[in-house]
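Peer 1: have a look at this prediction, sequence included:
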Amino acid sequence: MSLSTTTRRPVEISAPSVPALVTQTRLQSLDVLRGLTIVLMILVNQSGDRAHTYSPLIHAPWNGLTFADVVFPCFLFIVGVSLVLSLSGRLQRGTDRSMLIGQALKRAAILFAIGLILNALPWPGLASFRIYGVLQRIAFCYFVAVLLYLWLKPRTLLLATVGILLGYYLLLRWVPVPGYGIPGVDIAFLDPHGNLAAWLDRQIFPASHLYQQGFYDPEGLLSSLPALASTLIGVLTGIELLKQKAGSLKRTFITGAICLTMGLLWSHWFPLNKRLWTSSFVLVTAGISLIAFGLLRWWLDGHSNRGRPLVPFRIFGINALAAYVFSDFVAAVLSTVRLPHTDVTFRRWLFQPVPAFIHNRYIAGLVCAIVYIGVCFLPMWLLYRRRIYLKV
């Protein structure tokens, strides 16, 4: 992992220093939204023992949508917006496209490698080592989105996004799944085992290499295509943002409402499913992301004083990669390392006293997760104070 730091002039993960849009500063709304998604990722990952976790913080087991399901697609949406704001300024300065592609490939490779390292904590052995993962999906979506943004016109990008969503539906609905038949005819549509995405995951890797050594992977190969569509919607939003037209904020809300409505309507035929990242799921979560981004733009951008209560989220958003890696690494260590001569992990030892003071185990789990967010916040705050922004 190669990281650049500075204590004099910040090195930023994304550089939205586009003339007429942001004058030598970061876009507050984007940083805050990015930080909010990181905080929610940590909250979802660390909230209770799942048996005593509030239902909105648990991913839907299959079809359906919970609050937790919205977080990851929102982050991919932000990746799309950010890469446009970063690359557009460099293109205006005359940077060669091949150089930008090379740098994007390097960043994607580092993100993928970091994801593999996190999967190896604690080391499961080669027989059950998982290749897929959250950072690996982000790396794929980021790199392909960069390629498409650099070489396609906005209208073609829109058509490509629509094509991905429609094509994914046709694949899951009409392509026969070997050993199961045609979905919706020979087997239930989106059957957990008998869908094309899960079948393909099992052909590429044995079950021991998939998520929780199961029958599919939520970050699998085929479902990465609609995840790319989530990123491309962010790219299209970033392109619209660069136009800086008077009605751009209004169009953000309108587009968000249209995506949300279309996704909900489509879900009657193509159910919302985060595990398979269905096309209806893409549209609904994109609609939510657009509306959330629009609200933050309206409230923050151009109004510096309004952002003070949201500074903690901005701190997380500026060093988003560091925050995510730190949270996963520390959680893995606490859950693995045991007290000397006992079977008690450090995680259990640290949080064991909480239920003694908070008898409701749901609230106790939530409190532990919030405390853990505070632990993750401290190093990010120190980096922010020293103006150290980590990037790959």
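Peer 2: Cool, got the structure.

Peer 1: what about Val144, how many neighbours?
Peer 2: Neighbour count for Val144, taken as other CB atoms under 10 Å: 17. The way it works is simple: take the backbone N, C-alpha and C, and place the C-beta from them, glycine included.

Peer 1: so Leu241, which of the three states?
Peer 2: helix (DSSP: H, G, I helix; E, B strand; the rest coil).

Peer 1: would you state the predicted confidence (pLDDT) at the most far-flung residue of the chain relative to its centre?
Peer 2: Ranked by distance from the centre of the chain (CA atoms, centre = their mean), the top residue is His341, with 39.2 Å. His341 carries a pLDDT score of 71 in this model.

Peer 1: oh, and call the first residue 349 from now on, that's how I've got it
Peer 2: Okay, residue one is now 349; in that scheme the one you just asked about reads as His689.

Peer 1: wasn't it part of a strand?
Peer 2: No. His689 is assigned coil when assessed by three-state DSSP, not a strand.

Peer 1: how near is it to Pro701?
Peer 2: Between His689 and Pro701 the computed distance is 21 Å (CB to CB, to the nearest Å).

Peer 1: name the nearest residue to Leu608, ignoring sequence neighbours.
Peer 2: What sits nearest to Leu608 in space, not counting adjacent residues and going by CB to CB, 6 or more residues apart in numbering, is Gly635, at 2.9 Å.

Peer 1: which strands and helices lie in contact with the helix or strand where that neighbour lies?
Peer 2: For Gly635, the host element (DSSP states H and E) is helix 627-648. Helices and strands touching helix 627-648, by 3 or more CB pairs under 8 Å, 6 or more residues apart in numbering; DSSP states H and E, are helix 376-394, helix 415-440, helix 502-522, helix 572-591, helix 596-614.

Peer 1: next up, the contacts around the spatially closest residue to Asn467 that is not a sequence neighbour.
Peer 2: Of all residues not flanking Asn467 in the chain, Arg478 sits nearest, at 4.8 Å (CB to CB, 6+ apart). Contacts for Arg478 (CB atoms under 8 Å, 6 or more residues apart in numbering) come out as 467, 472, 557-559, 565.

Peer 1: would you list these in JSON lines and tack on distance to Val429?
Peer 2: What follows is those, written out as JSON lines (distance: CB to CB, whole Å):
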{"residue": "Asn467", "distance to Val429": "27"}
{"residue": "Pro472", "distance to Val429": "35"}
{"residue": "His557", "distance to Val429": "33"}
{"residue": "Leu558", "distance to Val429": "31"}
{"residue": "Tyr559", "distance to Val429": "28"}
{"residue": "Asp565", "distance to Val429": "27"}
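
Peer 1: so which of these is the most crowded?
Peer 2: For the contacts of Arg478, neighbours were counted by other CB under 10 Å; the highest total belongs to Asp565, with 27 neighbours.

Peer 1: ok so, going back, and Phe705, which of the helices and strands packed on helix 627-648 is closest to it?
Peer 2: With CB to CB as the criterion, Phe705 lies closest to helix 376-394 of the helices and strands packed on helix 627-648, at 18.6 Å.

Peer 1: tell me how far the closest one is from the chain's mean position?
Peer 2: With CA atoms, centre = their mean, to the nearest Å as the basis, helix 376-394 stands 9 Å off its chain's centre.

Peer 1: what about that helix, average pLDDT?
Peer 2: Mean pLDDT, helix 376-394: 93.
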